[in-house]
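S.K.: what's the 3D shape of this:
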Amino acid sequence: MIKMLLACCLLASPTLASENIADQYPGSMLYSKPIEFIPGVFSAIGATAPPSYDNAGHNNNLSFIVTGDGVVVINGGGSYLLAKALHDEIKLVTDQPVRLVLNENGQGHAMLGNSYWTDQGVKTVAHVDAAEVFEESSAQSLRGAQSRLLERADGTRAVLPDETFEKVYRIEFGDLEIEVLHLGPSHSPGDIVVWMPEQSLVIAGDIAFHERLLPIFEDTITIDWLETWEDEFEPLQATYVIPGHGHPTNMAQVRRYTRDYLVYLRQKIGAHLEDGGNLAGAYYVDQSPFAHLDTFNELATRNAGRVFEQMEFE
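M.R.: Now for the predicted structure:
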């Protein structure tokens with residue numbers, strides 16, 4: 001059964017994703033029930049659509065590792081009740097207590113659930129840059145969640161991580177070797193990956209995307225993201241990848257829809273600039289090879305505009 005599940009996950013393709021797929025776990029706030037990807041490592045796969053009332057803001061992956069000496073959770077979740085729903089699922093899997101929560105970045109869907117975990121006495125940890133971003137944007141993130149989720153946001157508060165780190169945070173629970181790494185600039189400030197070298201598995205967070213188009217934010221510097229990918233992420237040579245969004249997969253898939261997309265878009269914008277093109281024209285560069293990805297309609301033109309603004313002054 002495990003081999004069949006691994007095969008399905010590794011072969012996961014963007015055709016499996018759809019913004020129109022209904023809630024896959026109606027009995028829970030979670031969009032989908034956690035699956036065991038490899039022994040001891042579970043992930044509740046979020047919707048590939050933007051956060052909404054219907055998906056309870058669960059549009060990123062909420063993962064956890066059963067170590068033998070406690071549970072490590074990756075992502076606090078987008079609300080108090082969403083974090084509680086994940087905890088309820090953890091309790092069905094193991095009697096081990098949750099001992100640590102890692103926030104993969106400073107976005108609301110990674111940190112707003114810290115309010116629940118803090119109330120349970122669980123330590124929360126994030127990169128120093130992610131904590132700074134959340135401190136600056138937490139009021140806005142909380143208002144956005146309350147506006148979208150209504151009563152599903154009940155109990156949610158903005159709570160900063162208990163501890164921060166800069167480069168490496170090592171975890172010694174049970175017999176597992178777990179390294180939390182800040183590899184460098186990528187999707188957003190303070191992005192981290194959780195690396196399990198013995199299992200050759202990386203919980204990649206938002207450094208790696210597939211199934212949905214990646215978003216380029218105002219502070220997403222694409223040339224730096226590519227450098228981090230080539231110099232730090234790819235050399236991990238991970239066999240298994242749990243991305244920040246989308247089903248567990250392999251390095252080839254996330255390379256195709258993250259690194260290759262960034263290279264492609266930069267090439268298109270570069271050619272547009274060489275032809276004397278302006279910002280208005282940049283929005284219409286051809287991105288059709290990636291049009292099958294979820295959130296393409298929401299993000300493609302915005303991505304092109306932001307890459308143009310960056311490359312205009314490189």
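
S.K.: got the residue ranges for the strands in the stretch 151-300 of the chain?
M.R.: Under the criterion DSSP state E, counting those that start in this stretch, strands of the stretch 151-300 of the chain are mapped to 163-165, 168-173, 176-181, 193-196, 201-209, 240-245.

S.K.: contacting residues around the second one?
M.R.: Here strand 168-173 makes contact (Cβ atoms under 8 Å, 6 or more residues apart in numbering) with 67-70, 72, 99-100, 102, 125, 178-182. Where C-beta positions appear, they are placed from N, C-alpha and C, glycine not excepted.

S.K.: need the longest helix for this structure.
M.R.: helix 128-149 (DSSP state H).

S.K.: show me what counts as buried in that helix.
M.R.: Under the neighbour-count criterion of 16 or more other Cβ atoms under 10 Å, helix 128-149 has 128-134, 137-138, 141-142, 144-146, 148-149 buried.

S.K.: identify the residues contacting it?
M.R.: 51-53, 56-57, 78-79, 103-108, 110-112, 126, 153, 156-158, 160-161, 164-166, 182, 188-192.

S.K.: Provide a list of residues in contact with residue 303.
M.R.: 213, 214, 215, 216, 265, 287 are the contacts of residue 303 under Cβ under 8 Å, 6+ apart.

S.K.: and the furthest pair within those residues?
M.R.: 215 and 287 (13.4 Å; Cβ to Cβ).

S.K.: okay, the nearest residue to residue 161 once chain neighbours are set aside: pLDDT?
M.R.: Once flanking residues are discounted, residue 161 sits nearest to residue 126: 4.1 Å by Cβ to Cβ, 6 or more residues apart in numbering. Looking at residue 126, its pLDDT reads 98.

S.K.: likewise for residue 26?
M.R.: The per-residue pLDDT of residue 26 was computed as 81.

S.K.: quick check: residue 294 touching residue 59?
M.R.: No - in this structure, residue 294 is not within contact of residue 59 by Cβ atoms under 8 Å, at 10.1 Å.

S.K.: list residues touching both of the two?
M.R.: Common neighbours of residue 294 and residue 59 (Cβ under 8 Å, 6+ apart) are 48, 49.

S.K.: next one: the closest residue to residue 282 other than its chain neighbours from residue 265, what distance?
M.R.: The shortest distance from residue 282 to any residue other than its chain neighbours is 3.7 Å, reached at residue 308 (Cβ to Cβ, 6+ apart). Between residue 308 and residue 265 the computed distance is 10 Å (Cβ to Cβ, to the nearest Å).

S.K.: same thing with residue 106?
M.R.: Taking Cβ to Cβ, one finds residue 106 at 24 Å from residue 265.

S.K.: again, but for residue 80
M.R.: 37 Å.

S.K.: quick one on the thing from earlier: count the residues that sit near the residue nearest to residue 282.
M.R.: 24 (other Cβ atoms under 10 Å).

S.K.: ditto for residue 88
M.R.: Residue 88, neighbours per other Cβ under 10 Å, totals 12.

S.K.: now do the buried residues in the helix or strand hosting it.
M.R.: Using DSSP states H and E, residue 88 sits in helix 80-93. Using 16+ other Cβ under 10 Å as the test for burial, helix 80-93 gives 80, 81, 82, 83, 84, 85, 86, 87, 89, 90.

S.K.: quick check: what element follows that helix along the chain?
M.R.: strand 98-102.

S.K.: check which strands are paired with that following strand and give the direction for each one.
M.R.: Sheet pairing here is set by DSSP bridges, and for strand 98-102 it gives strand 71-74 (parallel), strand 123-127 (parallel).

S.K.: of these, which is nearest residue 282?
M.R.: strand 123-127 (31.5 Å).

S.K.: quick check: buried residues in that closest one?
M.R.: Those would be 124, 125, 126, 127, for strand 123-127 by 16+ other Cβ under 10 Å.

S.K.: ok, stretch 199-215 next?
M.R.: Under 16+ other Cβ under 10 Å, the buried positions of stretch 199-215 are 199, 201-215.

S.K.: centre of the chain to it, how far?
M.R.: The chain centroid and the centroid of stretch 199-215 are separated by 6 Å, computed with Cα atoms, centre = their mean, to the nearest Å.

S.K.: now do the helices in the stretch 151-300 of the chain.
M.R.: 222-228, 251-254, 260-274, 279-282, 296-311 (DSSP state H, counting those that start in this stretch).
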